[in-house]
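Q: Okay, structure incoming, though there's no sequence with it:
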């Protein structure tokens, strides 16, 4: 296995109308001194998300609507030298200053996929609603009998070895992307580690999932469909 270094790390941030928080998120990632690049994927924004991301030092690429589409576009845009991929959201709720917690087990060669758990970390009041907490535990409860891996969250803040990610052959174009990755990683018997991470209230923009009943319903439907599809081996 190749000896991994800090400058083998790239960050992917899907973003849709995150004009207010995106610059601080990018700067927060770069301030860790870990990533060689930060890629912001503009997922069809109608505001200045892309402009502000570039000003903060990110490389910006575009993708059609859909969270999974944005993540996949970010993966396609990675530098050829990237060996570790970090994903986090662009709304300011994830804590990039905790990135080392995710990448260190991969750098040490002990794990392939490290996922943050907001439910096990410190959460700012109001940063997650009851449905989000329940969904993370419920998904983990469903996955464990299938693959023997225990998850407590579907947190977007995660790190994975690039060769391992490419072997997963991700397909989901929507909100089910995170769950699909966790299921495929477990099925592929990657070395998986879940670490507590802190979580804040979003610092700008509107939630596309938990902010409305419609968004919650659509995301929940896509996540359930993803679970059934991947569990069926598709």
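A: Nice, I can see it. Everything numeric here is computed off the predicted structure, so don't read it as measured data. Numbering: from 1, shown residues only.
Q: Do a quick rundown of the strands in the chain.
A: Here the chain has its strands, by DSSP state E, at 9-15, 35-42, 59-62, 84-87, 113-117, 158-161, 192-196.
Q: Of all those, which one comes closest to residue 225?
A: Nearest to residue 225, of all the strands of the chain, is strand 9-15, at 19.5 Å by CB to CB. The way it works is simple: take the backbone N, C-alpha and C, and place the C-beta from them, glycine included.
Q: list the contacts for the nearest residue in space to residue 102 that is not next to it in sequence?
A: Closest residue in space to residue 102, ignoring its immediate chain neighbours: residue 159 at 3.9 Å, by CB to CB, 6 or more residues apart in numbering. By CB atoms under 8 Å, 6 or more residues apart in numbering, the contact set of residue 159 is 9, 84, 85, 86, 87, 99, 102, 103, 106, 113, 114.
Q: what number of residues lie near the second one?
A: Yep, that's residue 84 we're talking about. Residue 84 is flanked by 26 other residues according to other CB atoms under 10 Å.
Q: ok, now the third one?
A: Neighbouring residues of residue 85 were enumerated by other CB under 10 Å; the total is 26.
Q: Tell me the pLDDT of it.
A: We have a pLDDT of 98 for residue 85.
Q: can I assume it is in contact with residue 166?
A: No - the pair residue 85 / residue 166 is not scored as a contact, 9.7 Å apart, by CB atoms under 8 Å.
Q: Spatially central, which residue of the protein would that be?
A: residue 156 (3.0 Å; CA atoms, centre = their mean).
Q: residue contacts, the spatially closest residue to it that is not a sequence neighbour?
A: Once flanking residues are discounted, residue 156 sits nearest to residue 89: 4.8 Å by CB to CB, 6+ apart. Counting by CB under 8 Å, 6+ apart, residue 89 touches 13, 14, 25, 156, 157.
Q: Much appreciated, bye for now.
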